[in-house]
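**Student:** Sharing a model that was predicted from the sequence below.
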Amino acid sequence: MIIETVQGDITHQQVDAIVNAANESLLGGGGVDGAIHRAAGPDLLLECRTLGGCPTGAAKVTGAYRLPAKYIIHTVGPIWQGGGHSEAELLSGCYRNSLAIASELQLQSLAFPAISTGIFGYPLVEATKIAIATVKNAQFSGELVRFVCFDAETENTYRRLLA
Ligand code: ADP
């Protein structure tokens with residue numbers, strides 16, 4: 001498995017599935033979630049409404065509609081509350097459970113955003129360490145995992161910690 005990092009917009013990625021950093025309602029929000037819903041189009045929300053939400057740390061899959069990807073895996077990162085509320089285990093679960101769905105669907109390539117590091121306030125370096133360690137330790141049957149970083153600070157952090 002190849003692990004790589006790029007700076008860019010996750011909605012443009014030509015991979016089998018992109019991961020959405022959603023909230024428990026799965027009904028859209030700000031940040032990367034809003035960008036994915038805008039780019040995928042309104043049919044995504046219709047499918048999300050049938051899913052009944054998603055607990056923090058878990059993941060659910062939908063179609064990708066107008067996106068170049070085939071699927072969107074929606075996962076819900078923890079809101080940072082200082083570190084004493086199982087945030088690390090929940091964040092690790094987001095990566096692990098997303099990779100498990102991708103393996104089940106026999107997908108070859110998957111792109112992740114920096115889950116929880118925006119509106120949800122997870123400290124970037126800690127979140128990046130968890131993202132990398134969880135992906136490295138996961139049993140993903142596919143070929144490629146790409147970390148898509150929206151800003152330069154996130155990309156630099158991923159690059160440094162992957163090296
Ligand atoms: P959370 O609520 O899980 O913190 P956010 O969407 O607020 O989710 O932020 C998660 C990360 O996604 C942040 O690094 C943010 O800059 C980034 N992000 C925002 N829009 C996009 C996008 N279109 N593509 C990739 N990453 C994005």
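**Tutor:** Arrived safely, thanks for sending. Numbering: from 1, shown residues only.
**Student:** Find the residue closest to residue 56 in space, skipping its chain neighbours.
**Tutor:** residue 76 (4.8 Å; C-beta to C-beta, 6 or more residues apart in numbering). All C-beta atoms are positioned from the backbone trio N, CA, C, and that covers glycine.
**Student:** residues near that neighbour, how many?
**Tutor:** Look at residue 76: counted by other C-beta atoms under 10 Å, it has 28 neighbours.
**Student:** go on, the one 10 residues further on?
**Tutor:** Number of residues near residue 86 (other C-beta under 10 Å) recorded here: 14.
**Student:** Helices along this protein, start to end?
**Tutor:** 31-40, 43-49, 87-104, 124-137, 152-162 (DSSP state H).
**Student:** Could I get the average pLDDT for the second one?
**Tutor:** Summarised as a single mean, pLDDT over helix 43-49 is 98.
**Student:** Contact residues of the protein facing the ligand?
**Tutor:** Proximity of the chain to the ligand, by C-beta under 6 Å from any ligand atom, involves residues 9-11, 21, 31-33, 35, 77, 113-120, 148, 150-151, 154.
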